[in-house]
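Okay, structure incoming, though there's no sequence with it:
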Ligand SMILES: [Zn+2]
């Protein structure tokens, strides 16, 4: 007997097909079989398991192209198992895991090992990035062809920039030949050296060393020039400031193959909101000024910023208690990303529901070349989230993530994921 699930009466939002209408969704053997009105009345489907989605949204499972799962090396902070459980709770059904593990995922054998581990442990689909340079030292390119053969979905030294423009140029040329997407963490380390916050009035008042917006934009501008030089595709991670958004906007106007992402903490929060010296509000790039936040939202609205990604970066309590200047950078985000985005972008009318779902599902799926993800088209993988857009809740520890370092703890959010299906199997039921 085929495994059949019928999701009944929800508002189906499938940006890839420009569909936004009340429909039933039939899943058979892990694939979307049919999306149509009135399926629940068909007698042939009488035996199917049904899920009532009336009054809710039914959307493609989210694709988060920027996640740190900490395995191998820091399993005390997160593992593939716990990180993907957190993803599922947030409606995220595919993640791209970054390569700044310990050791760095810069070779085919480690990548193959991780893919096998994920096949065993993961609750959602996990893709892996390979490092751009050996050991993320920025000196010697990793073996891209071997990484691709082992299944690397993209290349990134994220956590660190590739500071040497000559090496980054060669990385772009080589990745272009192999059809691999490069993702850059834009930060000029000479400008950001020793900083733990955004350079501005707040850091000054608190006596914290700030990193200026230009630390990011200098490298965004360099990267755009290298894209123009090489013709390679490049994705810019976690944009945080207005000048970077404008640089990407102009590059896109000139037809350059640049894409970009923004993180919920950057478009929801600003540096003046940081309570005291709470390091759960410390990440890299840092929370910036109100104008920067507004520019990110405008960039998401007009499509300059293609995707929303979490930069989920788990750190244990002990490390985060070390004081704002010495605690590590990073916050978790998988369990709250859709809720935060709904709160800051949809309920404020900055983005339509379709735009919001697009930035979190079909757009990142397209950037990563995933044909069967990010859509509810018949034949696609049945990765689905059911969302109550109006449910208010307050994220609080414990989380499914092993870590709890999030500035959204204790903040009221509007909108919540109720069910997540991966390949037609329910991973999270009503909480
Ligand atoms: Zn980064």
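Okay, I see it. What you see is a predicted model, and the numbers here were worked out from it, not measured in a lab.

Could you pull out the strands in the stretch 251-400 of the chain for me?
Along the stretch 251-400 of the chain, the stretches classed as strands by DSSP state E, counting those that start in this stretch are 258-262, 307-308, 384-393.

wait, which of these is closest to residue 196?
Among those, the nearest to residue 196 by C-beta to C-beta is strand 258-262 (21.0 Å). Bear in mind the C-beta positions are built from the backbone N, C-alpha and C, glycine included.

From the contact counts, what lies against the closest one?
For strand 258-262, the elements it packs on are helix 214-230, strand 234-236, helix 242-253, helix 290-302, strand 307-308, judged by 3 or more C-beta pairs under 8 Å, 6 or more residues apart in numbering; DSSP states H and E.

Just the mean pLDDT for the one helix or strand residue 112 maps to, thanks.
Per DSSP states H and E: residue 112 is located in helix 108-121. Regarding helix 108-121, the rounded mean pLDDT is 98.

ditto for stretch 151-163
98.

okay, the residue in the chain that the ion sits nearest to: pLDDT?
The chain approaches the ion most closely through residue 185 (3.6 Å), counting by C-beta to the ion. In this prediction, residue 185 carries a pLDDT score of 98.

Quick check, it in contact with residue 157.
Yes - the pair residue 185 / residue 157 is scored as a contact, 6.7 Å apart, by C-beta atoms under 8 Å.

just the angle between the helix or strand that comes right after the helix holding residue 112 and helix 108-121, please?
Scanning forward in sequence from helix 108-121 by DSSP H and E, the next helix or strand is strand 125-130. Angle of strand 125-130 versus helix 108-121, following axes from the mean of the first three to the mean of the last three C-alpha atoms, to 10 degrees, is 170 degrees.

circling back to that earlier point, deepest of the helices and strands packed on strand 258-262, which one?
strand 307-308 (a mean of 28; mean count of other C-beta atoms under 10 Å).

just the strands of the stretch 251-400 of the chain: most buried one?
Across these, averaging neighbours per residue (mean count of other C-beta under 10 Å) puts strand 307-308 on top, at a mean of 28.

Nearest residue to the most centrally placed residue in the chain in space, please, no chain neighbours.
Closest residue to the average C-alpha location of the chain: residue 309 at 2.3 Å, with C-alpha atoms, centre = their mean. Nearest residue to residue 309 in three dimensions, chain neighbours excluded: residue 66, at 3.6 Å (C-beta to C-beta, 6 or more residues apart in numbering).

can you check residue 127 too?
Nearest non-adjacent residue to residue 127 (C-beta to C-beta, 6+ apart): residue 153, at 3.7 Å.

wait, that neighbour sits on residue 125?
No - judged on C-beta under 8 Å, residue 153 makes no contact with residue 125 at a distance of 10.2 Å.

Now the common contact residues for those two.
Between them, residue 153 and residue 125 share no contacting residue under C-beta atoms under 8 Å, 6 or more residues apart in numbering.

Which stretches in the stretch 1-150 of the chain count as helices?
Taking DSSP state H, counting those that start in this stretch as the criterion, the stretch 1-150 of the chain carries its helices at 80-89, 108-121, 144-149.

Would you reformat those as JSON lines and include mean neighbour count and distance to residue 73?
Converted to JSON lines, those look like this (neighbours: other C-beta atoms under 10 Å; distance: least, C-beta to C-beta, whole Å):
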{"stretch": "helix 80-89", "mean neighbour count": "26", "distance to residue 73": "12"}
{"stretch": "helix 108-121", "mean neighbour count": "16", "distance to residue 73": "11"}
{"stretch": "helix 144-149", "mean neighbour count": "18", "distance to residue 73": "18"}
